[in-house]
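Visitor: what's the 3D shape of this:
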Amino acid sequence: MNILVLSWRDPKHPFAGGAEQVMHEHMKGWQKAGHKVTLFSSLFEMAPKIEIIDGIRVIRGGSQYHLGVQLKGFFYYLKNRGKYDFVIDQFHGMPFFTPLFVFKPKLAVIQETAKKVWFLNPFPQPLRLFYGCLGYVLEPIVYLAYKNTPIMTGSISAKDDIIKMGISSRNITIIPHGVIISKSKKICKKEKMKTIIFLGILSPDKGIEDALHCFFKLSELGKYQFWIIGKPESRAYFKYLRNLTERLKINNKVKFFGFVSQDKKFELLARAHILINPSKHEGWGLVNIEANSVGTPVIAYKNSGLVDSILNNKTGIICKENNPRELAGEVEKLLSKPEKYARLQKSSVAWSKRFSWEKSKAASLSLINKISNL
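Guide: Numbering: from 1, shown residues only. Modelled structure (predicted):
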């Protein structure tokens, strides 16, 4: 088939995250199986409008915000609809509304519903409140258009959230994500000083502010160092985070690494003792599996996605309450119990080995072939 994938970001986008990585892996699987895959996504600074990535043709147009990429994608499809046999509509907040104009086999890919995350958008006030209210109210209405569209997601939490939007469970297929492990053979020992790490885009919805407050609590309890990996959502927000570390008097204990290579990411994860994940809402939590793969347990908030990717008291700890004090307390407790920590390390590595992209790609390939033959 000739497959068109509509997504607000592509894997090279500056703010591409787990959702983009997951979609890219599935597309590579379809392309390898003989399908021709084109990805239409938003244009960003310095990006070519057309590019080939791992055999996938990427076409860029429109802004990721204000429905810019959705409108460009709509007109692109109308102009080229004769070329495509199958369409993928990947949600992230707002979809591409394909049930309204695509009358060919299609699949909606939804990693997570947004819900209250709408209110953590990157716009300044009063735009933040306006878009937050607008998105929160419109999201359940938008899902009504997809009541008869097959949907693919990656976790039980995500499926449950989609069902709450009025979608029948019969239309939803869970295909667990794989995990990409660094090919580096370098063996990294844990740091001598207790090291806590945060990994993800530096934005309010990922919980970076709670992470810093957790670091502050831990700094009062003992000798720690804190590592942060990820790009900030904006320069202004990064400046705010820097100022926050100064106000909390932990600026000399926190190191911001920014974006790092895959090998460097896994090296840092391996050297750290614990990954903390105070994300407000996730579809899965790929970073948790990445940390587990190098023997690093995770302590996280009790939120959607995180409760799927972490086995409580086996590969990490799920907090009873979602606040920095509880997060810090669980870190301190776990590191004070060497036997339990070692047990969680061993279970973490075993858990991570259960996730294979070969299995996931085969499952999604089977799904699109089944839909196209209905």
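Visitor: which stretches of this protein form helices?
Guide: Secondary structure of the chain (DSSP state H): helices at 18-32, 68-80, 127-143, 156-164, 208-221, 235-247, 262-271, 286-293, 306-309, 324-335, 338-352, 357-372.
Visitor: what's the closest of those to Lys116?
Guide: helix 127-143 (7.1 Å; CB to CB). Placement of C-beta: from N, CA and C, glycine included.
Visitor: what packs against that closest one?
Guide: Judged by 3 or more CB pairs under 8 Å, 6 or more residues apart in numbering; DSSP states H and E, helix 127-143 is in contact with no other helix or strand.
Visitor: angle of that helix against helix 156-164?
Guide: Angle, helix 127-143 to helix 156-164, by axes from the mean of the first three to the mean of the last three CA atoms, to 10 degrees: 80 degrees.
Visitor: let's have the helices of the chain in a markdown table, adding mean pLDDT.
Guide: Shown next, in a markdown table, are the helices of the chain (pLDDT from 0 to 100):
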| stretch | mean pLDDT |
| --- | --- |
| helix 18-32 | 94 |
| helix 68-80 | 97 |
| helix 127-143 | 88 |
| helix 156-164 | 94 |
| helix 208-221 | 97 |
| helix 235-247 | 96 |
| helix 262-271 | 95 |
| helix 286-293 | 96 |
| helix 306-309 | 96 |
| helix 324-335 | 98 |
| helix 338-352 | 97 |
| helix 357-372 | 96 |
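Visitor: make a markdown table out of these and add mean neighbour count and distance to Ile110.
Guide: Output for the helices of the chain, formatted as a markdown table (neighbours: other CB atoms under 10 Å; distance: least, CB to CB, whole Å):
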| stretch | mean neighbour count | distance to Ile110 |
| --- | --- | --- |
| helix 18-32 | 21 | 9 |
| helix 68-80 | 17 | 15 |
| helix 127-143 | 15 | 9 |
| helix 156-164 | 19 | 6 |
| helix 208-221 | 20 | 24 |
| helix 235-247 | 14 | 26 |
| helix 262-271 | 18 | 26 |
| helix 286-293 | 27 | 15 |
| helix 306-309 | 23 | 15 |
| helix 324-335 | 19 | 28 |
| helix 338-352 | 16 | 24 |
| helix 357-372 | 16 | 13 |
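Visitor: out of the ones you listed, which is closest to Phe44?
Guide: Per CB to CB, nearest to Phe44 of the helices of the chain: helix 68-80, 10.3 Å.
Visitor: and the closest residue to Glu332 other than its chain neighbours, how far from Lys249?
Guide: Spatial nearest neighbour of Glu332, chain neighbours left out: Leu221 (5.4 Å); criterion: CB to CB, 6 or more residues apart in numbering. Applying CB to CB, to the nearest Å, the value for Leu221 to Lys249 is 14 Å.
Visitor: check contacts around the closest residue to Lys340 other than its chain neighbours.
Guide: Computed as CB to CB, 6+ apart, the closest residue to Lys340 that is not its neighbour in sequence is Leu334, at 6.6 Å. By CB atoms under 8 Å, 6 or more residues apart in numbering, Leu334 lies in contact with Ile274, Pro297, Ile299, Ile317, Lys340, Tyr341, Leu344.
Visitor: in a markdown table: those, plus distance to Ile181.
Guide: Putting those into a markdown table (distance: CB to CB, whole Å) gives the following:
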| residue | distance to Ile181 |
| --- | --- |
| Ile274 | 19 |
| Pro297 | 17 |
| Ile299 | 22 |
| Ile317 | 23 |
| Lys340 | 25 |
| Tyr341 | 22 |
| Leu344 | 19 |
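Visitor: looking at those, spot the one nearest Val179.
Guide: Taking CB to CB as the measure, Val179 lies nearest Pro297 of the contacts of Leu334, at 15.7 Å.
Visitor: isn't Val140 right next to Gly166, touching?
Guide: Check again: residue 140 is Pro, not Val. Yes: between Pro140 and Gly166 there is a contact under CB atoms under 8 Å: 6.7 Å.
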